[in-house]
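1. Got a predicted model here, sequence first, then my questions.
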Protein chains: 2
Amino acid sequence: MNMATETATKESSATRGAYLKLREMILTGEIEPGFKLKIEQLRRLLELGSSPVREALSLLTSDKLVERIDQRGFRAAPVSKENFEEILMLRCTLEDMALRASIANADAPWEERLILKHYHMNKARGHDVAVFEAAHKAFHMALLDQSGLPMLEGYCSQLYDLNIRYRYLAAGGESYQKRSIETEHQEIMNAAIGKNTDSACELLLSHYRRTGEYLSSQMDT
Amino acid sequence: MNMATETATKESSATRGAYLKLREMILTGEIEPGFKLKIEQLRRLLELGSSPVREALSLLTSDKLVERIDQRGFRAAPVSKENFEEILMLRCTLEDMALRASIANADAPWEERLILKHYHMNKARGHDVAVFEAAHKAFHMALLDQSGLPMLEGYCSQLYDLNIRYRYLAAGGESYQKRSIETEHQEIMNAAIGKNTDSACELLLSHYRRTGEYLSSQMDT
DNA sequence: CCCTCCAAAAATATCGATATTATTTGACAT
DNA sequence: ATGTCAAATAATATCGATATTTTTGGAGGG
């Protein structure tokens, strides 16, 4: 059992373990959209009592990864093209706002954090997909984390995850390496550190929109 | 036991009942910000087992009304001026977006829905605060509900509730009737139905900002 | 042949008890 | 006095069993 894919199991509380494990499974598509999440079934899979399972599922509803229908249990959140496009749109609006605020509040520690996350992301390139994805997200969130707007950052993080889910669903996680994503990241970071607010935002948004269009085209069902 | 204040108790599931009751108590300030929410205590208050209590608290964390610290229980979400101002800012951005989309998709049923909610809100004026607040929220949400963007509407609804909480905290729920809020609502609705997008949005945002400034000034502690 | 209704099965929701973990209290040593 | 550690206390987290509700499947009537 390797630490990379099994990020979940041996955490502090059973609830948290279940939460992380199920979250991973839904994000990566191992649990399919709309799939009925029966307590008994998950209880056995996770080797836990029903309480932590139930609570983990409740937490996942916050993240919009699980839907709860009162008296009728839980299911993995469904997906749709409309949903994907709404996520993309919201992401663009909210990350734009957050990045502008971050740059406005820029300071040396933030720049250093950014440099490090960028370095770690590139270092993780060859490794396990899950490891790279974690570093990739950490880099993107580091761009926003000087905004001084914690709720906004929370929304961005949530939307980021929902987006990544569509990426996994569209191509088993291995899709978007075609473009030179590496250069794009470098350019975004340079613009951000150089306080070229408008150009940093433009680069970031077109970075998202390009992958968005690609996925959207793949989704015509 | 009247239906107005006790919106909670006799609902379908125990969890849902507990959720609604606790939500009401936190929104109105009956449970103070930062207050430790002990399971045993709530179990007795709501006359329920620990599972539904726990689950209700988990659901409230989605709404950002409760904070959960792993292994250390739950507490009512804290408040701060920064938090209030972030909520106001996000609300303005997101409701602007949603209202524009709604007006763009306007159709006859939407306009009729709006007229009705507005009528109900005015009819509820004299009644119990909780009844009026519900109608008030329903009106504001009706403005947005033609956007075709369910997640955005969800965020708006959440932010609306968080904002209302600050209103209750600042003045026991009875604060903002000073201005002629009635006229403001009428004007917003007229502009929306008349498809005067820019002016509808301006009216809506200044409606929010005005109450926002008032509350913000009350909060200097 | 299809619809309705009832009984059986399955799943959810809830409970109360127990195990685990955090917090407090007070004794002891510095 | 003060800080540290350990036992006692209190709270959370978890479990397994039971009650409630929904879903399924099939018999009987239209």
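-> Yep, it's here.
2. Show me which residues of chain A sit near DNA strand C.
-> Chain A has residues A:36-40, A:50-51, A:54, A:70-74 near DNA strand C, with proximity defined as CB under 7 Å from any atom of the strand. The way it works is simple: take the backbone N, C-alpha and C, and place the C-beta from them, glycine included.
3. out of these, who's nearest A:A98?
-> Closest approach between those and A:A98, by CB to CB: A:F74, at 30.8 Å.
4. Quick check: phi and psi at that closest one.
-> In terms of degrees, to the nearest 10, the main-chain angles of A:F74 are phi -120, psi 150.
5. Count the residues that sit near it.
-> 23 (other CB atoms under 10 Å in any protein chain shown).
6. per-residue confidence for it?
-> For A:F74, the pLDDT comes out at 98.
7. picking up where we left off before, could the residues of chain A next to DNA strand C be laid out in a markdown table, adding secondary structure and distance to chain B?
-> Formatted as a markdown table, those follow (DSSP: H, G, I helix; E, B strand; the rest coil; distance: CB to the nearest CB, whole Å):
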| residue | secondary structure | distance to chain B |
| --- | --- | --- |
| A:K36 | strand | 18 |
| A:L37 | strand | 15 |
| A:K38 | coil | 17 |
| A:I39 | helix | 12 |
| A:E40 | helix | 16 |
| A:S50 | helix | 9 |
| A:S51 | helix | 6 |
| A:R54 | helix | 6 |
| A:D70 | coil | 5 |
| A:Q71 | coil | 6 |
| A:R72 | coil | 10 |
| A:G73 | coil | 12 |
| A:F74 | strand | 11 |
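8. Give me the PyMOL select line for the residues you listed, limited to the buried ones.
-> To isolate in PyMOL the members of the residues of chain A next to DNA strand C that are buried, counting by 16 or more other CB atoms under 10 Å in any protein chain shown, one can use:
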select buried, chain A and resi 37+51+54+74
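9. ok, A:A106 - contacts?
-> A:Q146, A:A192, A:I193, A:K195 (CB atoms under 8 Å, 6 or more residues apart in numbering or on different chains).
10. now, which of the residues you listed sits nearest chain B?
-> A:Q146 (14.5 Å; CB to the nearest CB).
11. all strands of chain A, in order?
-> A:36-37, A:66-68, A:74-76 (DSSP state E).
12. Tell me the neighbouring strands of the shortest one, and mark each as parallel or antiparallel.
-> The strands beside strand A:36-37 in its sheet (DSSP bridges) come out as strand A:74-76 (antiparallel).
13. residues in contact with the partner strand?
-> With CB under 8 Å, 6+ apart, strand A:74-76 has contacts from A:26, A:31-37, A:39, A:57, A:61, A:65-69.
14. For chain A, which residues are neighbours of chain B?
-> Where chain A comes near chain B, counting by CB under 8 Å from any CB of the partner chain, the residues are A:12-13, A:15-16, A:51, A:54-55, A:58-59, A:61-62, A:64, A:70-71, A:82-83, A:86-87, A:89-90, A:93, A:97, A:148-152, A:155.
15. Just the buried residues of the contacts of strand A:74-76.
-> Neighbour-count burial (16+ other CB under 10 Å) is assigned, among these, to A:I26, A:I31, A:P33, A:L37, A:L57, A:T61, A:L65, A:V66, A:E67, A:R68.
16. Return the residues in contact with the fourth one.
-> So that's A:L37. Counted by CB under 8 Å, 6+ apart, A:L37 has contacts A:L22, A:I31, A:L57, A:V66, A:G73, A:F74, A:R75, A:A76.
17. go on, the first one?
-> Shown in contact with A:I26 (CB under 8 Å, 6+ apart): A:L60, A:L65, A:V66, A:A76, A:A77, A:R165.
18. pLDDT score for the residue most central in space within chain A?
-> Nearest to the geometric centre of chain A sits A:D161, at 2.3 Å (CA atoms, centre = their mean). Looking at A:D161, its pLDDT stands at 98.
19. Reformat the strands of chain A as a markdown table; add distance to A:I181.
-> A markdown table is the format used below for the strands of chain A (distance: least, CB to CB, whole Å):
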| stretch | distance to A:I181 |
| --- | --- |
| strand A:36-37 | 33 |
| strand A:66-68 | 30 |
| strand A:74-76 | 28 |
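20. which stretch among these comes nearest DNA strand D?
-> Closest to DNA strand D of the strands of chain A is strand A:36-37 (CB to the nearest atom of the strand; 9.5 Å).
21. now check the closest one, is it near DNA strand D?
-> No: using CB under 7 Å from any atom of the strand, strand A:36-37 stays clear of DNA strand D, coming no nearer than 9.5 Å.
22. can you tell me the average pLDDT over that strand?
-> Rounded mean pLDDT across strand A:36-37 is 98.
23. roughly how far is the longest helix along chain A from the heart of the chain?
-> In chain A, taking DSSP state H as the definition, the longest helix is helix A:81-104. Here helix A:81-104 is found 13 Å from its chain centre; the criterion is CA atoms, centre = their mean, to the nearest Å.
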